[in-house]
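J.: No sequence on hand, only this structure:
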Ligand code: DGL
């Protein structure tokens, strides 16, 4: 029987939170992680340029890894490029978009915070999720400029600065008519890496929604309906991390990837 090959993609290390959940859900699957570290962070890119880049990079990665399914483990990429990717490449894609629907079902106060990158916050896709699923709630969206980078630094072993973190998450903690935010959506796959740190500086306790387990369940469901063909060429072994640049802090990053289950690095040079 052919082992399912899954390619997980993010701009950086955030998708590792999704990879962790996929590994738990499908322990026998062949996983390859890929990070467009040459393009990181995605949060401030212009939409057109970013869409083109994602479609190009994913094309290279599909050719190299011949996956049965691709997980776009990045909200910033999913909210602009999923449709184009599905059009360009005929294989199943599972994306990650802010978990507004579960947040609206869970909130008791009716006040929801959404933390995401500036890109995700500005997307039509995100606003339409709010209009569809949380029209009866007050939703405070915040485009956090530095959170994804803070999460990467943490994975590389650096200390998180509590004051900076507090400032980054502060805007989603709001009060209205005697009520306050009780659910915070983590709308960037990097942010679950910081949940414990956020809990230390949050103004009051809230539930944080990490969509990774739900994405992993979706991956399993889609795979069930996907024919599994053998690869035509030799593909990187399970546990490979493919990076688009060998720049600067690569060595530090490599130990972080190894610690999260991806000890075998490979580089395909795709400069911005
Ligand atoms: N991890 C990504 C996301 O889910 C983006 C981080 C970034 O590149 O700024 O949105």
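T.: Good, I have the coordinates. No experiment lies behind these values; they were computed from the predicted model shown. Residues are numbered from 1 along each chain as shown.

J.: Give the closest residue to residue 54 in space, chain neighbours not counted.
T.: Sequence neighbours aside, residue 81 is the residue nearest to residue 54 in space, at 4.3 Å (criterion: Cβ to Cβ, 6 or more residues apart in numbering). In this view, the C-beta of every residue, glycine as well, is placed from N, C-alpha and C.

J.: And that neighbour, how close does it get to residue 242?
T.: Residue 81 sits 18 Å away from residue 242, going by Cβ to Cβ, to the nearest Å.

J.: Equivalent analysis for residue 198, please.
T.: Noted for residue 198: a distance of 30 Å to residue 242, by Cβ to Cβ.

J.: Residue 145 too?
T.: Between residue 145 and residue 242 the distance is 27 Å, computed by Cβ to Cβ.

J.: Surely residue 246 and residue 271 touch.
T.: No: when contacts are counted by Cβ atoms under 8 Å, residue 246 is not listed as touching residue 271 (10.6 Å).

J.: and those two? which has more neighbours close in?
T.: Neighbours per residue, other Cβ atoms under 10 Å: of residue 246 and residue 271, the larger number sits with residue 246, 12 against 8.

J.: what is the nearest residue to the more buried one once chain neighbours are set aside paired to in the beta sheet?
T.: Spatially, and ignoring its direct neighbours in sequence, residue 246 is nearest to residue 267 (5.0 Å; Cβ to Cβ, 6+ apart). Beta-bridge pairing for residue 267 (DSSP bridges): residue 243.

J.: my guess is residue 267 meets residue 247, correct?
T.: No: contact criterion Cβ under 8 Å: residue 267 and residue 247 do not qualify, at 9.9 Å.

J.: My read is that the residue nearest to residue 54 contacts residue 55, right?
T.: Yes: counting by Cβ under 8 Å, residue 81 does reach residue 55; the two are 6.4 Å apart.

J.: which one of the two has more residues nearby?
T.: Counted by other Cβ under 10 Å, residue 81 and residue 55 do not tie: residue 81 has more neighbours, with 23 against 16.

J.: which SSE is the more buried one in?
T.: Residue 81 is part of helix 75-88 when elements are defined by DSSP states H and E.

J.: likewise residue 145?
T.: Applying DSSP H and E as the criterion places residue 145 outside every helix and strand.

J.: and it, how many neighbours does it have?
T.: Neighbour count of residue 145, defined by other Cβ under 10 Å: 13.

J.: likewise the one 3 residues further on?
T.: The criterion is other Cβ under 10 Å. On that basis, residue 148 has 28 neighbouring residues.

J.: Against which helices or strands is the helix-or-strand element of the chain with minimal mean pLDDT packed?
T.: Within the chain, no helix or strand scores below helix 250-259, which has a mean of 89 by mean pLDDT, DSSP states H and E. If contacts are counted by 3 or more Cβ pairs under 8 Å, 6 or more residues apart in numbering; DSSP states H and E, helix 250-259 sits against helix 147-155, strand 240-243, strand 264-267.

J.: ok, and what's touching the first one?
T.: In this case it means helix 147-155. Applying Cβ atoms under 8 Å, 6 or more residues apart in numbering, the contact partners of helix 147-155 are 11-14, 16, 40-41, 43, 115, 117, 160-161, 164-165, 168-169, 188, 190-191, 193-194, 197, 253, 256, 259-260.

J.: please redo it, this time with the cut-off set to 7 Å
T.: 12-14, 41, 43, 115, 117, 160, 164-165, 168, 188, 190-191, 193-194, 256 (Cβ atoms under 7 Å, 6 or more residues apart in numbering).
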